[in-house]
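> what shape does this take:
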Amino acid sequence: MSISSRAVEPFRRDFRGHLIGPESGAYEQARAIWNGLIDKRPALIARCADSDDVASTLAFARDEGLEVAIRGGGHSVAGLGTCDDGIVIDLSAMKRISVDPVGRIARAEGGALWGEVDRQTQVFGLAASAGVVSHTGIAGLTLGGGFGWLARKHGLACDNLISADLITADGERITAGPGEHEDLLWALKGGGGNFGVVTTFEYAVHPVGPVVLAGSLSWPIERAHDVWRLYRDWSPTMPDEMSSGIGLRNQPIAHFVPPAAQGTSTVSVTLCYAGPVGEGERLIAALRDVAAPAFDDVRPMPYVAVNHMLDIPHGVRSYWKTGHIDDLGDGLLAELLTSFELAPSKQSDIFIEHLGGQVARIPAEETAFGPREAAYRLILDTLWDDPDGDADNISWAHESGSKLKEFFNGDTYVNYLTEHDESDVESAYSDSSRRRLREIKTKYDPENFFRVNHNIKPFEPASDQRAGG
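Here you go, the predicted structure:
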């Protein structure tokens, strides 16, 4: 679909940012997002300079009947930051960040990335509860929940959201925060990009760093049972300052990996201790004692480096399967080892995040975010480069995910969903939260204008509400 120049020109005259269409030399780069598997061609990309640009783009899209996708960092594994034939509201130029070190508050525009926020907050020895990848956008991560290295200590990114400025489908500019649009603020804490374009986020930030203990310990995969059983006993005993995960991965051939470990299959524990370094060293001594790691890069490092540990380059092809698990039984490990051995791509890995801490203590009804009680979350992270490998890698993810379902407890995390399956989205929320989200969606976006997302549908006829949706 193309948009006529006659329609675009009046819009272009007042637009302060950059409008990028298929005829532009910048189009191919502008339409690319992190996940190289997603190959969509929007009719127009509106790289907004400010909230006025966002409002005018929404008005233009409504007038022209265009589907709208919202791009913050463009890191959604499901490709929610783009669309075919519609218009992309690209916030990537909107990155203003300010920090109030006395009030411990940070404000950031919707195009900011977590690595950029880290650099600004760490000037004052503060940090926001963020994710685990530096180039993840703050917008998508926060709106879907936001689990990261500080979540066990300080809660999810959405738990630390104080207020949000946004523009609704009808162009209204509102602030959702204490004392105003509190229902909408509740929905933004886990309900995804269903309710408007958030142009500014305001967060509570916390004293962290500037140096923390972080990194990975990796053993030959032949030691997987020993390491697994130790981690199963060790992780539940850890204080909230210790965030960690266990996974199966093939070590890359890279300068930071010892030559003897390069290209080998390993079981790895990756961690961050956001407390005194000496105490962190004491707590991880048991892991080092299980056997001498083949690769141990756990060390004191600047907090700004922590969210780079798991960075994956833009353009890699990615497809995930995920689920929550309540315990690390031996049967689960056996299935993971079998699946890992069959992976077509040596880049693919399997990682299990240890949850709990402050995430589990926050009452479920305080936010829209759903799965707070599970002990662990598993990610089958399928990664490859060659388009010819699409079928084999996606098939492996589906087959492995199907076999792992018996270990999942039925909950899902909306930010980790690759598909747009309605039943998967429903499983990310409790029945009461899902109903309340639909009520709020009906109030703020009754026509489902914002639907390029893990969609929460508004109620339609009154009978739909009486039937419980």
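> how far away is the closest residue to residue 35 other than its chain neighbours from residue 146?
Spatial nearest neighbour of residue 35, chain neighbours left out: residue 318 (4.8 Å); criterion: Cβ to Cβ, 6 or more residues apart in numbering. To be clear about C-beta, it is placed using only N, CA and C from the backbone, and glycine gets the same treatment. Distance, residue 318 to residue 146, by Cβ to Cβ, to the nearest Å: 19 Å.
> neighbour-wise, which of those two wins?
residue 146 (28 against 23; other Cβ atoms under 10 Å).
> where does that one fall, phi/psi-wise?
phi 100, psi 70 (degrees, to the nearest 10).
> any idea how far the closest residue to it other than its chain neighbours lies from residue 432?
Nearest residue to residue 146, sequence neighbours excluded (Cβ to Cβ, 6+ apart): residue 157, at 2.6 Å. Taking Cβ to Cβ as the measure, residue 157 falls 23 Å from residue 432.
> who has more neighbours, these two?
Neighbour totals were compared for residue 157 and residue 432, and residue 157 leads with 30 against 10 (other Cβ under 10 Å).
> contacts only, for the spatially most central residue of the chain.
The chain has residue 141 as the residue nearest its centroid, 4.1 Å off, counting by Cα atoms, centre = their mean. Counting by Cβ atoms under 8 Å, 6 or more residues apart in numbering, residue 141 makes contact with 73, 75, 114, 130, 131, 157, 415.
> what's the burial count for residue 288?
By the measure other Cβ under 10 Å, the count of residues near residue 288 is 13.
> I'd like to know how many residues surround residue 298.
Residue 298 - counted by other Cβ under 10 Å - has 21 other residues nearby.
> show me what contacts it?
213, 214, 215, 216, 217, 271, 284.
> again, only using 10 Å
By Cβ atoms under 10 Å, 6 or more residues apart in numbering, residue 298 lies in contact with 213-217, 269-273, 280-281, 284, 287-288.
> buried ones only from the residues you listed, please, as a ChimeraX command.
ChimeraX command restricting the contacts of residue 298 to the buried ones, with burial defined by 16 or more other Cβ atoms under 10 Å:
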select :213,214,215,216,217,269,270,271,272,273,280,284,287
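> tell me which of the contacts of residue 298 fall in strands.
213, 214, 215, 216, 217, 269, 270, 271, 272, 273 (DSSP state E).
> what is the nearest of those to residue 246?
The closest of the ones in strands among the contacts of residue 298 to residue 246 turns out to be residue 269 (Cβ to Cβ; 5.2 Å).
> which strand residues bridge that closest one?
Note on residue 269: beta-bridge partners by DSSP bridges are residue 217, residue 246.
> quick one: it from residue 287, how far?
Separation of residue 269 from residue 287 (Cβ to Cβ) stands at 6 Å.
> any residues in contact with both of those two?
Joint contacts of residue 269 and residue 287 (Cβ under 10 Å, 6+ apart) are 217, 219, 227, 230, 231, 234, 244, 246, 293, 298.
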